[in-house]
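Undergrad: Sequence and predicted structure, then a few things I'm wondering about:
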Amino acid sequence: MLNDHQKNIATLVHLSTFSRFFIPFGNFLGPVILWIANKEKSEFVDIHGKQAINFQLSILLYAIILGTISIPFFIFKLFHGFDFIDFHGFNDFHISIGKPSPLLYIGGGLGALAIIAFILEIVFIIKASLKAREGEYYHYPLTINFIK
């Protein structure tokens with residue numbers, strides 16, 4: 001039987017991921033510290049801790065992949081028409097407000113995807129913490145199980 005302390009710790013494990021807004025890498029440190037301190041005391045906290053950590057690691061991996069895909073589009077757009085051999089400084093520098101490049105649309109689409117993913121991450125964390133508070137298990141969607 002779960003007691004309120006176990007439910008509170010499991011809820012706090014999920015909510016501690018929001019500490020990243022105040023502490024660098026707080027989204028990893030908070031859940032890991034709470035999980036390590038309480039995993040032996042409760043199987044419920046152990047399962048929720050693993051879920052929260054796996055979700056944060058999965059989000060990090062997805063962000064690295066998305067960044068790796070999107071960065072070349074911005075670099076190609078930045079250096080489009082730039083001649084590295086015959087460089088004369090910025091004497092002939094001008095900004096053209098003509099037709100947008102398709103690279104801009106692709107990069108903008110990837111940026112919009114990142115914003116949507118961020119919003120979904122917040123929704124999933126809140127949903128997981130509410131499930132933990134109710135004494136239920138929660139499995140984050142699209143999570144890779146790094147810690148089993």
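TA: Done, it's in.
Undergrad: I'd like the average pLDDT over stretch 130-144.
TA: Mean pLDDT, stretch 130-144: 94.
Undergrad: buried residues in that stretch?
TA: In terms of neighbour count (16 or more other C-beta atoms under 10 Å), stretch 130-144 has its buried residues at 131-133, 138, 140, 143. For glycine as for every other residue, the C-beta is placed from the backbone atoms N, C-alpha and C.
Undergrad: how about the helices in this structure?
TA: Along the chain, the stretches classed as helices by DSSP state H are 4-15, 26-38, 43-78, 102-133.
Undergrad: State the distance from the closest residue to residue 69 other than its chain neighbours to residue 63.
TA: Once flanking residues are discounted, residue 69 sits nearest to residue 110: 6.5 Å by C-beta to C-beta, 6 or more residues apart in numbering. Using C-beta to C-beta, to the nearest Å, residue 110 is found at 11 Å from residue 63.
Undergrad: dump the residue contacts of the residue nearest to the spatial centre of the chain.
TA: Central residue of the chain (C-alpha atoms, centre = their mean): residue 59, 3.9 Å from the mean position. By C-beta atoms under 8 Å, 6 or more residues apart in numbering, the contact list for residue 59 reads 117, 121.
Undergrad: Give me the below-cutoff pLDDT ranges for this structure.
TA: 74, 77-101 (pLDDT under 70).
Undergrad: run the last query once more with 80
TA: Of all residues in the chain, those with pLDDT under 80 make up the ranges 1, 70-108.
Undergrad: quick revisit: wouldn't the residue nearest to residue 69 be in contact with residue 72 here?
TA: No: between residue 110 and residue 72 there is no contact under C-beta atoms under 8 Å: 10.7 Å.
Undergrad: which one of those two has more residues nearby?
TA: Using other C-beta atoms under 10 Å as the criterion, residue 110 and residue 72 rank with residue 110 on top: 16 against 12.
Undergrad: Would you mark the buried spots in stretch 8-22?
TA: Buried, per 16+ other C-beta under 10 Å, within stretch 8-22: 9-17, 19.
Undergrad: Please disregard the earlier target; I meant stretch 50-63.
TA: Neighbour-count burial for stretch 50-63, counted by 16+ other C-beta under 10 Å, picks out 50-59, 62.
Undergrad: Show me which of these is closest to residue 23.
TA: Distance to residue 23 across these (C-beta to C-beta) is lowest for residue 56, with 13.5 Å.
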